[in-house]
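>>> Show me the folded form of this:
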Amino acid sequence: MCIVMLLYWLLVIFAGLDPDFFSIEFDASPEADADLSTIEMDPAGDRSGDTDADGEGFFNDTLRFFHFDELPLMFILTLVFFTMWFFSINITHYLGISSPLIGVLLYIPYFIVSLFVVKIFSKPLIYLYRQLNHKGEEAIDFLGRRCVVVSKVEKDKMGTVELLVKGDPIKIYAKSNTNEVLSAGTEAVIVNESKDKKYYLIEKFEY
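As a prediction, the model looks like this:
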């Protein structure tokens, strides 16, 4: 896996592969503590907050806990696999473990411990990543731009909208600036940003 990660980043550096080529889908929710410009949502997702019933809520919360919503998936996996490799080399060496079966079974605790280690040491990187978008460019000013609602947006319920910036589609979190419920497919305009800078406020675009 370390070799796979190495090859992946070589493709990113020399072939221009997008670091977010592999992404995770997250349901928008008021509790989502994520960067606005890096979360990829399901374009058909118009969920009404009942994800806990089918386990998706717990799964997404777990991923958010380990910062999978704030840093690129492959970046975190790279850190996790190299951490697992470090544990595997040292523990099997110093404990004298030579059984292949035991070595394979140890991958499970290696993986769990590595997730927590990466969670701690990746925190300083989150701030840096928030200052830049996924392509390393300056943050985009979304205010005043027209967008299309992807998943239902309400005044007290967060959804997602999509807009084009220099020809590139970008999805961000949003809430309605009025009491009007904006369903998927509705054209809207971004009028403000939340105080915590985690989502934007939109209104229906009137022709």
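>>> how near is residue 7 to residue 14?
For residue 7, the distance to residue 14 (CB to CB, to the nearest Å) stands at 11 Å. Glycine gets a C-beta too; all of them are placed from N, C-alpha and C.
>>> With residue 8 instead?
Counting by CB to CB, the gap from residue 8 to residue 14 is 11 Å.
>>> higher neighbour count, those two?
residue 8 (18 against 8; other CB atoms under 10 Å).
>>> got a pLDDT number for the closest residue to that one other than its chain neighbours?
In space, not counting the residues next to it along the chain, residue 8 is nearest to residue 74; the distance is 5.9 Å by CB to CB, 6 or more residues apart in numbering. Reading off the confidence values, residue 74 has pLDDT 82.
>>> now residue 167
At residue 167, pLDDT is 78.
>>> what's the burial count for residue 87?
Residue 87, neighbours per other CB under 10 Å, totals 18.
>>> And the one residue sitting closest to the centre of the chain, how far from residue 162?
Nearest to the geometric centre of the chain sits residue 69, at 2.7 Å (CA atoms, centre = their mean). Between residue 69 and residue 162 the computed distance is 18 Å (CB to CB).
>>> Could you do residue 188 as well?
Residue 188 is 10 Å from residue 162, by CB to CB.
>>> So which of these two has more stuff around it?
Shown here are residue 188 and residue 162; by other CB under 10 Å, residue 188 has more neighbours (25 against 15).
>>> Would you mind listing the buried residues in the helix or strand encompassing that one?
Secondary structure assignment for residue 188, by DSSP states H and E: strand 187-193. Within strand 187-193, the residues that count as buried by 16 or more other CB atoms under 10 Å are 188, 189, 190, 193.
>>> and if you look at stretch 7-18?
Neighbour counts over stretch 7-18 (16+ other CB under 10 Å) mark 8, 12 as buried.
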